[in-house]
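K.L.:
Show me how the following folds:
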Amino acid sequence: MKQKFWTAVLLLFSTFYLSAQILDLANLAEGELEYEQILYTKNNEVYGYIYFFNQGKINNEIEKVEYVILDKKFHKISNGTFTREIFEYLSRTLTHCNFMDNDLLVNYELSNPAYDITICSANIINIRRKTIDREYWYYIDRWKDIPRTYEKYMEIINPPIL
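P.N.:
Numbers count the residues shown, from 1 in each chain. Below you'll find the predicted structure:
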């Protein structure tokens with residue numbers, strides 16, 4: 001009987017501890033959770049976790065996003081906010097993050113099934129400086145600005161023949 005009692009007490013305290021951790025995580029940032037991922041070191045060990053929260057549109061062309069990086073024990077390492085462009089002809093999906101020394105490479109897929117478009121883009125978060133670079137598109141061996149409109153996109157992939 002004593003063993004069952006202590007097992008139940010231990011289980012109860014574990015449940016309270018885990019729910020407190022989850023509630024703390026929810027209070028770390030504002031906005032709607034957009035993406036989360038476990039981050040691994042080069043040795044394939046858990047480094048920590050990254051979360052992206054979409055804080056909504058600033059205007060019709062720009063939205064605000066917050067990122068939070070936690071270590072493997074859920075202590076906050078870094079966080080920051082950044083703005084990114086909204087493309088009227090593309091929807092954005094964050095696909096994965098790669099940990100590289102003190103930087104994170106954030107990869108996106110921009111797509112529009114109606115136009116049969118898929119663009120892979122990326123930007124870099126510097127954890128120490130809490131900065132994030134602009135988002136770029138990798139096309140024909142070069143990093144380029146992402147076209148603002150579908151017409152500009154078509155000009156790039158189908159240049160006029162002279």
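K.L.:
Going by C-alpha atoms from here, please, whenever you check contacts or count neighbours.
P.N.:
OK.
K.L.:
phi, psi of Pro113?
P.N.:
phi -60, psi -30 (degrees, to the nearest 10).
K.L.:
confidence score at Met6?
P.N.:
One correction, residue 6 is Trp, not Met. We have a pLDDT of 57 for Trp6.
K.L.:
what's the following helix or strand after the top strand by length along the chain?
P.N.:
Taking DSSP state E as the criterion, the chain has its longest strand at strand 46-57. As assigned by DSSP states H and E, the chain's next helix or strand after strand 46-57 is strand 62-71.
K.L.:
Which neighbours in the sheet does that next one have, and how are they oriented?
P.N.:
When pairing is defined by DSSP bridges, strand 62-71 lines up against strand 46-57 (antiparallel), strand 76-85 (antiparallel).
K.L.:
Tyr115 is nearest to which of these?
P.N.:
For these, distance to Tyr115 was read as C-alpha to C-alpha. The smallest value, 19.6 Å, belongs to strand 76-85.
K.L.:
Show me what counts as buried in the closest one.
P.N.:
76, 78-81, 83, 85 (16 or more other C-alpha atoms under 10 Å).
K.L.:
For it, report the contacting residues that lie outside it.
P.N.:
Here strand 76-85 makes contact (C-alpha atoms under 8 Å, 6 or more residues apart in numbering) with 61-71, 127-128, 130-132, 134-135.
K.L.:
Centre of the chain to it, how far?
P.N.:
Put simply, strand 76-85 sits 9 Å off its chain's centre (C-alpha atoms, centre = their mean, to the nearest Å).
K.L.:
After that strand, which helix or strand is next?
P.N.:
strand 91-100.
K.L.:
Next, the residues that contact that following strand from outside, please.
P.N.:
35, 37, 39-42, 104-112.
K.L.:
Now that we have these, which of them are buried?
P.N.:
Buried among the contacts of strand 91-100 (16+ other C-alpha under 10 Å): 39-40, 104-111.
K.L.:
Just the CA coordinates for stretch 115-133, please, in CSV.
P.N.:
Output of stretch 115-133 as CSV, limited to C-alpha atoms (Å, rounded to 0.1, in the frame of the first residue of the first chain):
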residue,chain,number,x,y,z
TYR,A,115,0.9,28.9,-60.5
ASP,A,116,2.9,25.7,-59.9
ILE,A,117,5.6,27.6,-58.0
THR,A,118,7.9,26.4,-55.3
ILE,A,119,10.8,28.6,-54.1
CYS,A,120,13.2,27.6,-51.4
SER,A,121,14.5,30.5,-49.4
ALA,A,122,16.6,31.0,-46.3
ASN,A,123,17.9,33.5,-43.8
ILE,A,124,20.4,33.3,-40.9
ILE,A,125,19.9,34.1,-37.2
ASN,A,126,23.0,35.1,-35.3
ILE,A,127,22.4,33.8,-31.8
ARG,A,128,25.0,36.0,-30.0
ARG,A,129,24.0,39.3,-31.7
LYS,A,130,20.3,38.4,-31.8
THR,A,131,20.1,39.5,-35.5
ILE,A,132,18.5,37.9,-38.5
ASP,A,133,19.5,38.5,-42.1
